[in-house]
Structures are given as structure tokens and as C-alpha cells.
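Engineer: The following comprises the amino acid sequence and a computationally predicted model.
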Amino acid sequence: MLAFASGPELHLDKAPDKTRDQAALQNGAKLFVNYCLNCHGASYMRYNRLKDIGLSEQQIKDNLMFTADKVGEQMKIAMRSSESKVWFGAAPPDLTVIARSRASEFGSGADWLYTYLRTFYRDPGRPTGWNNVVFENVGMPHVLWDLQGEQVAHFVEKDDGHGNKAKHLEKLEVVKPGKMNKEEYDNAVADLVSFLVYIGEPMAETRKKLGVGVLIALGVLFVLAYALKKNYWKDVH
């Protein structure tokens, strides 16, 4: 299923949920550090929280800490915000809560990110040489192009029902293969998106388990309270 960048007709692909898969989250962390952390920080997340997804402190230090010295530091970038504004025209956003902020009427933030990262295409009219189906005229280049390859977009003009011609995406075609085939790339993006969902709320799974425990406890208390009530009122008619 393709995403269409035409306002109310935007459709998002469903992102696989791998937030309970530690191997997927670890791979997502690797992709994030190698491809995203050069420009985008996750400044509300600390490196030592990656131990929650099964990584040891030594693994974090050896493989993921390129912008910090201590494992308790935040996942920040070395580039100053003022410098990034000069180089890119705007400071790249922090990605700690990007999955939550991109949630919309069209789908979850994970769905938006999953579709966005898979729908870059070559556009010589853009300063970076790239455009995106979901985020038209995006300023970000396709940082994962070496994995996915290069795509071109085929558009057709259709009547919008009001006598006007509107551009619609017909298909995306890979014209230069990357290191991964389509299935491998989709899985890698799913891992990365799941990691972005995870860092938005690292305690989400703990919160859910705690919520289930609380509901069970309340259910037990309700039964006891009802039995007590029946005992108190058994002689009152």
C-alpha cells in the first residue's frame, strides 16, 4: 500500500509493532545511532536506559556511544543548534517523542514514521535531491538510501471532482538497488520505528503491566467488598 501526499487522502502503512522484541529494539538502536544521531538528538533519553532492552553497559559504550563519555549522559548530538540552523535552514528536531508527536487522524505516529522512511524518492528539483511522499518538499535527505536504494516516483494527474487537476502517486520504483531488498529494508525500518516508539516512553511496558496488576487487585477488592456488603445487609429486609 502506498501513501498519498494529498492532504485528506493521506494513507499510512501499518507499522509492525516490535516494541516487545529486544533484538529488534537493539537493531533499531544501532540504526538510530548510525543514521539519525548525527543530526537528530534524543535528549530526553539516556544511554544507560538501553540496558532495559538487553544491552550491557559495555556493549553500549563500545557500540553506541559516539557523542558522550559517560553511559548516564543524554543522547545528544555534538552539533550546536545555532550551527545547524545555518547549515540546514532549521535545527533538526529532537526525536525523543517524535513517534508520539506524529500521531494524527490518519494513524499512529509509528505508522507515519514507518511510511515516511520508506517513501523517499529522487527529486532533482529539491536542494537535497530528495523528496518524500508523506512529507512533501521535506528538507531532510534520505539518510537510509544506501540501505533502500534510490526510488523514483511516478505521478498521474486526476480530476479532484471540482474541475481541477491534482497530482496523485501511481507508484514508487527502485531504479538503483541498495544493500537490502524490500523485505529486509521494511524490517529494518520497523526496527528503527519501534525503537523511536520505545524512547518516547521507555516505561510503557512496565506501566501496562502495572495497570493490569492494579485492575486485578481492584477486581479482588470489589469481590471482597461485595461479600462484606452482603454480610452486613443479610438481616435487613
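Structural biologist: Done, it's in.
Engineer: Can you check which helix is longest in the protein?
Structural biologist: For the chain, the helix with the greatest residue count under DSSP state H is helix 204-232.
Engineer: if you average pLDDT over that one, what comes out?
Structural biologist: Here helix 204-232 scores 84 as its mean pLDDT.
Engineer: so where is this protein shaky, pLDDT-wise?
Structural biologist: Residue ranges of the chain with pLDDT under 70: 1-9, 80-89, 105-106, 160, 237.
Engineer: how about the helices in it?
Structural biologist: So, for the chain - with DSSP H - the helices run 22-31, 57-63, 81-88, 98-101, 109-116, 145-148, 182-200, 204-232.
Engineer: Alpha carbons of the second one, as CSV, please.
Structural biologist: Listed next in CSV are the C-alpha coordinates belonging to helix 57-63 (Å, rounded to 0.1, in the frame of the first residue of the first chain):
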residue,chain,number,x,y,z
GLU,A,57,26.8,-1.2,29.8
GLN,A,58,30.0,-2.4,28.0
GLN,A,59,28.0,-3.0,24.8
ILE,A,60,26.5,0.4,25.0
LYS,A,61,29.9,2.0,25.5
ASP,A,62,31.6,0.0,22.7
ASN,A,63,29.0,0.2,20.0
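Engineer: Please report how far the closest residue to Asp52 other than its chain neighbours lies from Leu196.
Structural biologist: Closest residue in space to Asp52, ignoring its immediate chain neighbours: Pro202 at 6.0 Å, by Cβ to Cβ, 6 or more residues apart in numbering. Every C-beta, even on glycine, is put in place using the N, C-alpha and C of the backbone. According to Cβ to Cβ, to the nearest Å, Pro202 stands 12 Å off from Leu196.
Engineer: So those two - more neighbours on which side?
Structural biologist: Comparing Pro202 with Leu196 by other Cβ atoms under 10 Å, the one with more neighbours is Leu196, at 26 against 16.
Engineer: How many residues are close by the nearest residue to Ala23 once chain neighbours are set aside?
Structural biologist: Excluding its sequence neighbours, the residue lying closest to Ala23 (Cβ to Cβ, 6+ apart) is Gly54, at 8.0 Å. Residues lying near Gly54 (other Cβ under 10 Å) number 11.
Engineer: Gly54 reaches Asn27, doesn't it?
Structural biologist: No. Between Gly54 and Asn27 there is no contact under Cβ atoms under 8 Å: 11.4 Å.
Engineer: State the distance from the one residue sitting closest to the centre of the chain to Arg118.
Structural biologist: Taking Cα atoms, centre = their mean as the criterion, Val193 is the residue nearest the geometric centre of the chain, at 3.4 Å. Look at Val193 and Arg118: by Cβ to Cβ, they are 10 Å apart.
Engineer: next one: Tyr185
Structural biologist: Distance from Tyr185 to Arg118, by Cβ to Cβ: 7 Å.
Engineer: Could you name every residue contacting both of the two?
Structural biologist: By Cβ atoms under 8 Å, 6 or more residues apart in numbering, Tyr185 and Arg118 have these common neighbours: Gln148.
Engineer: of those two, who's got more company?
Structural biologist: For Tyr185 versus Arg118, neighbours defined as other Cβ under 10 Å are more numerous around Arg118 (24 against 19).
Engineer: Surely that one and Val189 touch.
Structural biologist: Yes. With contact defined as Cβ under 8 Å, Arg118 and Val189 form a contacting pair (5.7 Å).
Engineer: Leaving out sequence neighbours, find the closest residue to Phe66.
Structural biologist: Using Cβ to Cβ, 6+ apart, the closest residue to Phe66 is Val33 (6.7 Å).
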